[in-house]
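>>> got a predicted model here, sequence first, then my questions.
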Amino acid sequence: MPIIWTCKPFEELQPRELYAILRLRNEVFVVEQNCVFQDADNKDFYAYHVMGWLDGNLVAYTRLLPPGISYVHASIGRVVNSSTVRGSGAGRELMLQSISILYSLWGKIPIQIGAQLYLEKFYKSLGFQQISPVYLEDGIDHIEMLLQPA
């Protein structure tokens with residue numbers, strides 16, 4: 001069964017969708033990565049939320065932010081996949097969906113991300129380039145990366 005992709009602004013999220021988003025983000029970022037951080041950063045209100053559903057369960061998610069919220073450029077953040085779909089290509093599909101949706105929302109503009117360092121090759125394979133030195137965020141090495149539209 002293929003992943004079903006949806007995207008909604010914050011105001012249109014149903015309570016069960018919001019709960020599923022927060023649950024998946026906490027499951028991976030807090031529990032799995034053993035990282036205590038403030039996930040609720042008030043940016044979700046400005047975001048479009050890309051959700052990947054499989055058999056009624058949220059298995060993939062990103063939030064898309066317009067320019068000026070996290071960075072000067074538009075951004076894709078809180079990129080997360082459930083452990084149930086890792087290794088299946090769902091992460092690549094999630095990013096391709098997110099890039100396509102972002103372009104449809106705001107045009108073909110640069111996209112900036114704060115990537116966990118171990119995922120650098122993955123993001124480079126999608127066209128992102130490193131634009132910052134390595135920095136520590138919530139105990140995890142990160143880099144900023146930029147995708148220039150073709």
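Looks like it came in fine. Numbering: from 1, shown residues only.
>>> which helix or strand in this protein has the lowest average pLDDT?
Using mean pLDDT, DSSP states H and E, strand 135-137 stands out as the lowest-scoring helix or strand of the chain, at a mean of 91.
>>> contacts for that one, please.
Outside of strand 135-137, the residues that reach it under the criterion Cβ atoms under 8 Å, 6 or more residues apart in numbering are Gly114, Asp141, His142, Ile143. From N, CA and C alone the C-beta is placed, and that goes for glycine too.
>>> which neighbouring elements make contact with the very next helix or strand once past it?
The first helix or strand that comes after strand 135-137 along the chain, using DSSP states H and E, is strand 140-147. Under the contact definition 3 or more Cβ pairs under 8 Å, 6 or more residues apart in numbering; DSSP states H and E, strand 140-147 sits against strand 111-116, helix 120-125, strand 129-130, strand 135-137.
>>> measure Asp39 to Leu105 for me?
Relative to Leu105, Asp39 is positioned 23 Å away (Cβ to Cβ, to the nearest Å).
>>> tabulate the helices and strands packed on strand 140-147 (CSV), appending distance to Gly87 and mean neighbour count.
Output for the helices and strands packed on strand 140-147, formatted as CSV (distance: least, Cβ to Cβ, whole Å; neighbours: other Cβ atoms under 10 Å):
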stretch, distance to Gly87, mean neighbour count
strand 111-116, 17, 22
helix 120-125, 12, 14
strand 129-130, 25, 13
strand 135-137, 25, 11
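>>> out of those, which comes closest to Phe10?
Using Cβ to Cβ as the measure, strand 111-116 is the one of the helices and strands packed on strand 140-147 that comes nearest Phe10, at 19.5 Å.
>>> the closest one: partners in the sheet, and parallel or antiparallel?
Applying DSSP bridges, strand 111-116 is found paired with strand 74-81 (parallel), strand 140-147 (antiparallel).
>>> dump that strand to PDB, keeping only the CA atoms.
As requested, the backbone C-alpha atoms of strand 111-116 are provided in PDB (Å, rounded to 0.1, in the frame of the first residue of the first chain):
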ATOM      1  CA  ILE A 111      15.200  26.300   0.400                       C
ATOM      2  CA  GLN A 112      17.400  26.300   3.600                       C
ATOM      3  CA  ILE A 113      17.500  23.500   6.100                       C
ATOM      4  CA  GLY A 114      19.300  22.800   9.400                       C
ATOM      5  CA  ALA A 115      20.400  19.200   8.800                       C
ATOM      6  CA  GLN A 116      21.800  16.600  11.200                       C
END
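>>> having no further points to raise, I will conclude here.
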